[in-house]
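Student: I would like to see how this sequence folds:
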Amino acid sequence: MVGRTMGAGEGGADSGDEIGRGRCRYRRVWGGMAGYHVRFMDMPIRFLQKITSFIVPCLSVWVLSCLYGLYAGERAYAASPQPWQIGSQPAASPQMAEISALHEQVLWIIFAIAIFVAVLMVYVMIRFRVREGHTQGTATTHNSFLEVVWTVIPIMILVAMAIPSFKLLYAIDKAPHADMTIKVTGETWYWTYAYPDHGDLTFEALMKEEEELGEGEPRLLATDYNVTVPVGKTVRLLVTSNPHGVIHSWSVPSLGVKMDAVPGRLHETWFRIDEEGIYYGQCAELCGVRHGYMPIAVEAVSEERFQEWLQEMQEEWSDRNDGDGHHIASVAMPSTHGRHNKDALVSE
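Tutor: Have a look, this model is predicted:
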């Protein structure tokens with residue numbers, strides 16, 4: 001009996017030890033899970049700390065760049081892109097002024113939406129994170145009112161953005177009464193300009209090489225002949241491309257003009273420049289090996305200077321006709337050293 005009792009006692013002690021060891025394992029397991037639960041609860045906070053440490057320096061650099069861009073834009077010539085420039089070039093035509101105004105309006109709407117969504121995400125991550133005693137809320141799950149609100153409000157925002165956009169598109173497409181017309185033809189790889197209202201003057205404009213640049217002329221943007229127009233005159237622009245060529249795009253950012261030049265099609269747009277100066281642009285459609293060497297230079301001058309320029313150009317280019325419907329032009333042809341072959345014969 002004693003042996004049995006002792007055996008039972010020993011068996012009870014062993015059982016107690018096993019239970020004790022099981023409890024220790026239970027505490028270790030659940031202690032680890034509790035630690036994991038605490039770490040999981042801290043994840044949003046650590047995430048926000050990392051995001052903040054990344055966003056704050058980026059915002060600082062962006063703000064400084066904006067301030068420098070504004071300062072550089074005020075003291076730089078408004079006709080060409082500037083180093084560290086932020087945003088579009090200053091508007092030099094009515095349509096570009098409208099484009100810039102619409103851009104700023106939409107940009108503020110985007111900022112408001114981005115800030116609202118960011119604040120909402122932070123609130124949701126902190127307010128509804130998994131924690132002890134958490135219960136699923138019934139007011140924010142399958143809420144019909146919220147679903148209607150977050151559907152109707154975006155529609156209203158899109159409508160508010162679409163109305164001025166459509167008006168601007170119509171104003172850009174519909175040319176008002178034009179004072180003069182210029183026909184632009186994209187070649188490979190240069191531009192041909194024709195003034196049908198002024199004696200059918202026709203000439204080619206090519207990029208100047210670095211050794212040909214004058215003082216203050218920008219590299220890869222200056223041309224040997226500028227598209228010259230009088231200040232305050234509405235210019236109708238007819239844009240096309242050589243029937244045997246490729247698609248180009250005549251683009252001058254400060255004028256708000258970007259029109260594709262398609263072989264066999266004639267596109268129309270317009271612009272009006274209110275201040276004298278030279279406004280630069282480039283071909284904006286990937287068109288071949290010398291796509292990056294098709295600059296555009298539009299020079300706005302007074303009416304008197306424009307008439308003098310017309311006379312000078314007509315005298316100069318009338319001498320280039322060879323009598324067979326051809327004229328000698330400075331044509332941008334690819335070569336082994338990448339320079340222009342200025343002795344090519346081009347057929348009109």
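
Student: Could you pull out the strands in the stretch 101-250 of the chain for me?
Tutor: Along the stretch 101-250 of the chain, counting by DSSP state E, counting those that start in this stretch, strands occupy 180-186, 191-195, 201-205, 227-230, 234-241, 248-252.

Student: how about a markdown table for the ones you listed, with mean pLDDT, mean neighbour count and distance to Val159 added?
Tutor: Backbone N, C-alpha and C define where each C-beta goes, glycine included. Listed next are the strands of the stretch 101-250 of the chain as a markdown table, based on pLDDT from 0 to 100; neighbours: other C-beta atoms under 10 Å; distance: least, C-beta to C-beta, whole Å:
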| stretch | mean pLDDT | mean neighbour count | distance to Val159 |
| --- | --- | --- | --- |
| strand 180-186 | 93 | 20 | 36 |
| strand 191-195 | 93 | 20 | 40 |
| strand 201-205 | 90 | 20 | 43 |
| strand 227-230 | 93 | 22 | 38 |
| strand 234-241 | 92 | 21 | 32 |
| strand 248-252 | 93 | 25 | 30 |
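
Student: Tell me which of those sits nearest to Met156.
Tutor: strand 248-252 (33.7 Å; C-beta to C-beta).

Student: Within its sheet, name the partner strands of the closest one and how each one runs.
Tutor: strand 257-261 (antiparallel), strand 277-283 (antiparallel) (DSSP bridges).

Student: Out of the ones you listed, which is the most enclosed?
Tutor: strand 277-283 (a mean of 22; mean count of other C-beta atoms under 10 Å).

Student: Which among the strands of the stretch 101-250 of the chain is found nearest to Glu308?
Tutor: Nearest of those (C-beta to C-beta): strand 227-230, 9.9 Å.

Student: Confirm Gly288 sits in a helix?
Tutor: No - counting by DSSP: H, G, I helix; E, B strand; the rest coil, Gly288 is located in no helix; its state is coil.

Student: What number of neighbouring residues does it come out with?
Tutor: When neighbours are counted by other C-beta atoms under 10 Å, Gly288 registers 14.

Student: Return the residues in contact with it.
Tutor: Gly288 makes contact with Thr188, Trp189, Val246, according to C-beta atoms under 8 Å, 6 or more residues apart in numbering.

Student: Could you measure from it over to Ser251?
Tutor: 16 Å (C-beta to C-beta, to the nearest Å).

Student: what does Met96 give?
Tutor: 12 Å.

Student: One more: Met161?
Tutor: Distance, Met161 to Ser251, using C-beta to C-beta: 24 Å.

Student: what sits against the closest residue to Glu303 other than its chain neighbours?
Tutor: Distances taken as C-beta to C-beta, 6 or more residues apart in numbering put Pro230 closest to Glu303, at 4.7 Å, once the chain neighbours are dropped. Residues in contact with Pro230 (C-beta under 8 Å, 6+ apart) are Asp179, Met180, Ala300, Val301, Ser302, Glu303, Phe306.

Student: pLDDT wise, what is Leu70 at?
Tutor: The model reports Leu70 with a pLDDT of 48.

Student: And Asp14, by the same measure?
Tutor: 51.

Student: before we move on, back to that, just the buried ones from the contacts of Pro230?
Tutor: Ala300, Val301, Phe306 (16 or more other C-beta atoms under 10 Å).

Student: Does the second one touch Glu276 like I think?
Tutor: Yes - shown here, Val301 and Glu276 form a contact pair, counting by C-beta atoms under 8 Å, at 6.0 Å.

Student: any shared contact partners between those two?
Tutor: With C-beta under 8 Å, 6+ apart, Val301 and Glu276 have common neighbours Val231.

Student: which residues in the stretch 51-200 of the chain form helices?
Tutor: Under the criterion DSSP state H, counting those that start in this stretch, the stretch 51-200 of the chain contains helices at 94-127, 144-173.

Student: what angle separates the last one from helix 94-127?
Tutor: Spelled out, that is helix 144-173. Per axes from the mean of the first three to the mean of the last three C-alpha atoms, to 10 degrees, the angle that helix 144-173 makes with helix 94-127 is 160 degrees.

Student: pretty sure Arg219 contacts Glu210?
Tutor: Yes - with contact defined as C-beta under 8 Å, Arg219 counts as touching Glu210 (6.3 Å).

Student: and stretch 112-124, what's its mean pLDDT?
Tutor: 90.

Student: swap in stretch 169-179?
Tutor: Computed over stretch 169-179, the average pLDDT equals 82.

Student: What is the end-to-end distance of that stretch?
Tutor: 21 Å (C-alpha to C-alpha, to the nearest Å).

Student: If we ignore the residues flanking it in sequence, what's nearest Met294?
Tutor: Cys283 (3.8 Å).

Student: and the contacts of Gly288, which are buried?
Tutor: Thr188, Trp189, Val246.

Student: I'd like the contacts of Pro230 laid out as CSV, including distance to His267 and secondary structure.
Tutor: Listed next are the contacts of Pro230 as CSV, based on distance: C-beta to C-beta, whole Å; DSSP: H, G, I helix; E, B strand; the rest coil:
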residue, distance to His267, secondary structure
Asp179, 20, coil
Met180, 18, strand
Ala300, 22, strand
Val301, 26, strand
Ser302, 29, coil
Glu303, 28, helix
Phe306, 25, helix
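
Student: Kindly reformat these as JSON lines containing distance to Leu201.
Tutor: Output for the contacts of Pro230, formatted as JSON lines (distance: C-beta to C-beta, whole Å):
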{"residue": "Asp179", "distance to Leu201": "16"}
{"residue": "Met180", "distance to Leu201": "11"}
{"residue": "Ala300", "distance to Leu201": "17"}
{"residue": "Val301", "distance to Leu201": "15"}
{"residue": "Ser302", "distance to Leu201": "18"}
{"residue": "Glu303", "distance to Leu201": "16"}
{"residue": "Phe306", "distance to Leu201": "12"}
